[in-house]
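Undergrad: no letters, just coordinates:
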């Protein structure tokens with residue numbers, strides 16, 4: 001569900017973000033505390049919010065502003081693309097009550113300057129390269145969460161990022177984050193093991209929420225199962241299976257199964273090595289009209305010694 005942008009002769013992007021956390025009004029004192037009052041407060045901790053009221057009193061409000069500029073010079077277009085956009089994100093996270101909590105998050109992207117200077121996929125511009133940062137306002141996340149011991153359940157529109165996000169992720173470099181309408185279960189009940197399953201019914205794509213040259217959403221049923229085993233000094237081993245049955249994009253329906261081994265080892269006080277090795281196989285699934293099989297592989301390694309470092313890797317995919 002993560003698509004690679006078209007190749008460009010030259011592409012430059014700059015993103016700047018500012019985030020603020022606004023605490024509940026109850027957390028601010030009306031008057032400065034005296035030394036005696038401060039000592040008393042230290043001796044007797046303030047009582048935590050009790051009952052259903054803890055959802056409100058334990059909550060917080062978030063605000064984030066992210067400016068992004070991208071320039072693209074791409075053949076065969078005679079004109080370049082210039083995308084100057086500002087994303088404003090407002091979020092509300094409730095406190096916890098009997099393991100329940102909720103999150104609500106709104107996004108707005110506004111074009112600063114000429115909105116005809118690039119093809120956003122929804123603005124009708126076709127004589128310039130695509131920069132998939134359309135102007136929009138929507139609910140980015142809205143979910144109910146339940147946590148009990150080593151179990152977590154999440155229902156609603158949510159962010160899902162798995163492993164290196166090669167197959168399922170939020171495409172975070174774009175202004176419109178990809179999110180999922182889903183039911184997710186996560187468990188750490190087994191020793192050194194994290195298991196996660198998501199049933200996704202809708203993909204809110206980076207080109208949405210308005211329909212344009214590309215679908216704003218993918219509808220269907222996606223089953224995403226991911227398990228990670230902590231191997232200690234040997235890193236971590238992850239196995240996964242992703243089944244995509246997309247009703248309005250059947251040619252993208254697929255089944256993917258793979259393994260990934262990642263780790264970091266500190267050889268001494270100044271030297272450390274990192275590695276990532278992965279292999280996956282993918283084939284057509286459900287109503288996909290194509291008959292195909294493909295392999296994905298990844299080999300990456302890095303070493304750091306003091307202030308010096310080196311890294312290299314190989315990744316690719318091929319039909320078979």
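TA: Nice, thanks for sending it over. Note that the coordinates shown come from a computational prediction; the quantities given were computed from them, not determined experimentally. Residues are numbered from 1 along each chain as shown.

Undergrad: do a quick rundown of the helices in the stretch 51-200 of the chain.
TA: Listed from the start of the chain, the stretch 51-200 of the chain has helices (DSSP state H, counting those that start in this stretch) covering 54-57.

Undergrad: residue contacts, the nearest residue to residue 199 once chain neighbours are set aside?
TA: Take residue 199 and drop its neighbours on the chain: the residue closest to it by CB to CB, 6 or more residues apart in numbering is residue 183, 4.9 Å away. Bear in mind the C-beta positions are built from the backbone N, C-alpha and C, glycine included. By CB atoms under 8 Å, 6 or more residues apart in numbering, the contact list for residue 183 reads 153, 154, 155, 198, 199.

Undergrad: give me the number of residues near the closest residue in space to residue 154 that isn't next to it in sequence?
TA: Distances taken as CB to CB, 6+ apart place residue 184 nearest to residue 154, at 4.4 Å, with adjacent residues excluded. Burial of residue 184, expressed as a neighbour count using other CB atoms under 10 Å, amounts to 20.

Undergrad: over to the one 3 residues further on?
TA: By the measure other CB under 10 Å, the count of residues near residue 187 is 16.

Undergrad: ok, the one 10 residues further on next?
TA: Neighbours of residue 197 under the rule other CB under 10 Å: 16.

Undergrad: which ones are touching it?
TA: Each residue near residue 197 by CB under 8 Å, 6+ apart is listed here: 184, 185, 223, 224, 225, 226.

Undergrad: could you redo the last one with a cut-off of 7 Å?
TA: Under the criterion of CB atoms under 7 Å, 6 or more residues apart in numbering, the neighbours of residue 197 are 185, 224, 225.

Undergrad: in which helix or strand does the last one reside?
TA: Put plainly, it is residue 225. With elements delineated by DSSP states H and E, residue 225 resides in strand 217-230, which encompasses its position.

Undergrad: in that strand, what's buried?
TA: 217, 218, 220, 222, 224, 226, 227, 228 (16 or more other CB atoms under 10 Å).

Undergrad: same question for stretch 304-320.
TA: Buried positions in stretch 304-320, judged by neighbour count with 16+ other CB under 10 Å: residue 304.

Undergrad: try stretch 166-178
TA: If you call a residue buried by 16+ other CB under 10 Å, then stretch 166-178 has these buried ones: 166, 167, 168, 169, 170, 171, 174, 175, 176, 177, 178.

Undergrad: what of stretch 138-147?
TA: 138, 140, 141, 142, 143, 145.

Undergrad: before we move on, what about stretch 116-131?
TA: For stretch 116-131, by 16+ other CB under 10 Å, it's 117, 118, 119, 120, 121, 122, 123, 125, 128, 129, 130, 131.

Undergrad: now distance to residue 246 and pLDDT too, for those residues, in JSON lines please.
TA: Formatted as JSON lines, these follow (distance: CB to CB, whole Å; pLDDT from 0 to 100):
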{"residue": "117", "distance to residue 246": "32", "pLDDT": "97"}
{"residue": "118", "distance to residue 246": "27", "pLDDT": "98"}
{"residue": "119", "distance to residue 246": "24", "pLDDT": "97"}
{"residue": "120", "distance to residue 246": "23", "pLDDT": "97"}
{"residue": "121", "distance to residue 246": "18", "pLDDT": "96"}
{"residue": "122", "distance to residue 246": "20", "pLDDT": "95"}
{"residue": "123", "distance to residue 246": "25", "pLDDT": "95"}
{"residue": "125", "distance to residue 246": "27", "pLDDT": "97"}
{"residue": "128", "distance to residue 246": "29", "pLDDT": "98"}
{"residue": "129", "distance to residue 246": "26", "pLDDT": "97"}
{"residue": "130", "distance to residue 246": "21", "pLDDT": "97"}
{"residue": "131", "distance to residue 246": "25", "pLDDT": "97"}
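
Undergrad: tell me which of the residues you listed is nearest to residue 106?
TA: residue 122 (18.7 Å; CB to CB).

Undergrad: so that closest one sits right up against residue 210, yeah?
TA: Yes - contact criterion CB atoms under 7 Å: residue 122 and residue 210 qualify, at 5.0 Å.

Undergrad: name the residues contacting each of those two.
TA: Listed contacts common to residue 122 and residue 210 are residue 134; contacts here mean CB under 7 Å, 6+ apart.

Undergrad: gap between the residue nearest to residue 154 and residue 262?
TA: Taking CB to CB, to the nearest Å as the measure, residue 184 falls 22 Å from residue 262.

Undergrad: with residue 278 instead?
TA: Distance of residue 278 to residue 262, given as CB to CB: 8 Å.

Undergrad: quick one: buried residues of stretch 94-109?
TA: When neighbours are counted by 16+ other CB under 10 Å, the buried residues of stretch 94-109 are found to be 94, 95, 96, 97, 100, 101, 102, 103, 104, 105, 107, 109.

Undergrad: please name the residues that touch the closest residue to residue 246 other than its chain neighbours.
TA: Nearest non-adjacent residue to residue 246, counting by CB to CB, 6+ apart: residue 220, 4.2 Å away. Taking CB under 7 Å, 6+ apart as the criterion, residue 220 is in contact with 245, 246, 247.
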